[in-house]
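Colleague: I need the structure of the sequence given here:
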Amino acid sequence: MNENIMNKSVFVLSAAAVILAACASGAAATDVAETATEIAGSATESPQQIVDPTAEPEPVVSSLWVEAVDDRTGLRFAVPCYWEVEIPSGEQDPSGLGAVTLRNYDTAFVQAHPRGAISEDEGTVKIDLSYIAPSNLGLAPGADLADFAQTLAGPDGESGIEAIEPTTVNGLEAVNVTQMGAYGVGYFTIVALEEDRYLLVGGSDQSDDFQGVLRSLAYPPDAHVLIPAFDPGPPPLGVEARCMGKQSGTGAADLSSVLSCEGVAQGSAESLACELQVALLDRDMLNLPSFMADPFTIGYWGSEGGWASPDDIVRELDNARLPQDTSGLTFTTDRALFPPLAGAPPEQMFGPDLNPELLVYSEGWGPDGLGAGILFLTEDNSGAYHWSNLAYSHEHFDR
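Modeller: Okay, the predicted model is just below:
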């Protein structure tokens, strides 16, 4: 980095800093091949379809769910195709009572959140399947499910039971429990698998996906898994879901595009974004400073940053931050396509004093084209717009 920048100011632009700033807040299961029916006799005869009126219709299910099995107990269930399933092995859990964890995000998503601060607002779903023996709670095997729930929840008070609703789960006796806890109302379901093995199904979400997993539970091992007819919901932003095809990722527009500038008002922030797009795609280092604020601030994801004159910054962009061939740069203002940034608003990456009018996320940066930048467009006291800040990542931030 240019020494003039480093000598003027230094700050940290990291996932942790962003979090602190933010805290100031069917398709069928299998393809059916069409088979041509050979009809004996004249070639002019039309094929006849023979239908057995007594045959059971094929169930309508989604192909985006897969079946999982806990080899310790034989419990089987359906799970969205891109979810992670963590089942302890027999060696890890000789008791056979260790919990099974299901979630719609991966380890990389967790690591991108300092201190594991994952919010349900990001679209995360986590389900725990916990085996519990009534005898371990001092109850007789085959204990009444309501009594089991009361014993499990503890004495009335902050953890008291609000409601117990009898139900069935794929033919198994069960109860839905509503419980008042220290952090509000919680919900879980208890399913009777055997006399001394009950299953507690709880999680951070009560979405359709949660219910799809719950209703699919099959026990004993030869029972039928009920595959949901609906497609699972999309993953949190930044989590891959290749098995869902066009529905994978955020479900938003393609990231390989550039800004559409047709009909953009002259003198607007959108107009400046379009001019910047042209200059960067053309690698026009001569005119680029005219779009920039003086001083210009740059921050590096997970590291330090500073400010300098537009000319100094453009030299750095030319030497180290842009590829030689910039024709592959992409640009978008669609927030659904921005990186997660540890769940914090990108506006706060440079602190509360900066009030950007428009943010543009761009990929294809760096000498190898594997980096990304967020361009901050702000308005000055005269009402003119400038490119004032750049958040830069050697990769794609925490995507």
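
Colleague: tell me which element residue 378 is part of?
Modeller: Assigned by DSSP states H and E, residue 378 belongs to strand 371-379.

Colleague: Sheet partners, orientation included, of that strand?
Modeller: Partner strands and pairing direction for strand 371-379 (DSSP bridges) are strand 358-365 (antiparallel), strand 385-393 (antiparallel).

Colleague: These into CSV, with extra columns for distance to residue 307?
Modeller: C-beta coordinates here come from the backbone N, C-alpha and C atoms, glycine included. Formatted as CSV, the strands paired with strand 371-379 follow (distance: least, Cβ to Cβ, whole Å):
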stretch, distance to residue 307
strand 358-365, 18
strand 385-393, 9
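
Colleague: Make JSON lines from those strands and add mean neighbour count and distance to residue 399 to it.
Modeller: Below are the strands paired with strand 371-379 laid out as JSON lines (neighbours: other Cβ atoms under 10 Å; distance: least, Cβ to Cβ, whole Å):
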{"stretch": "strand 358-365", "mean neighbour count": "22", "distance to residue 399": "9"}
{"stretch": "strand 385-393", "mean neighbour count": "23", "distance to residue 399": "9"}
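
Colleague: any chance of those strands in TSV, plus distance to residue 281 and mean pLDDT?
Modeller: TSV is the format used below for those (distance: least, Cβ to Cβ, whole Å; pLDDT from 0 to 100):
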stretch	distance to residue 281	mean pLDDT
strand 358-365	10	96
strand 385-393	15	97
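
Colleague: For the stretch 151-300 of the chain, give me the ranges with low pLDDT.
Modeller: For the stretch 151-300 of the chain, the stretches flagged by pLDDT under 70 are 155-159, 181-184, 204-205, 245-256.

Colleague: What ranges does it have for its strands?
Modeller: Listed in chain order, the strands of the stretch 151-300 of the chain (DSSP state E, counting those that start in this stretch) span 161-169, 172-181, 184-194, 197-203, 292-300.

Colleague: Next: the stretch 1-150 of the chain.
Modeller: 11-13, 65-69, 76-80, 84-86, 100-103, 126-132.

Colleague: Now do the second one against strand 76-80, angle only.
Modeller: Pointing back at strand 65-69 there. Relative orientation of strand 65-69 and strand 76-80, computed by axes from the mean of the first three to the mean of the last three Cα atoms, to 10 degrees: 140 degrees.

Colleague: which secondary structure elements does strand 65-69 contact?
Modeller: strand 76-80 (3 or more Cβ pairs under 8 Å, 6 or more residues apart in numbering; DSSP states H and E).

Colleague: Dump the C-alpha coordinates for the strand it packs on into PDB.
Modeller: What follows is strand 76-80, C-alpha atoms only, in PDB (Å, rounded to 0.1, in the frame of the first residue of the first chain):
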ATOM      1  CA  ARG A  76     -34.900 -42.100   9.500                       C
ATOM      2  CA  PHE A  77     -36.000 -38.700   8.300                       C
ATOM      3  CA  ALA A  78     -36.100 -36.300   5.300                       C
ATOM      4  CA  VAL A  79     -33.800 -33.200   5.200                       C
ATOM      5  CA  PRO A  80     -33.300 -30.500   2.600                       C
END
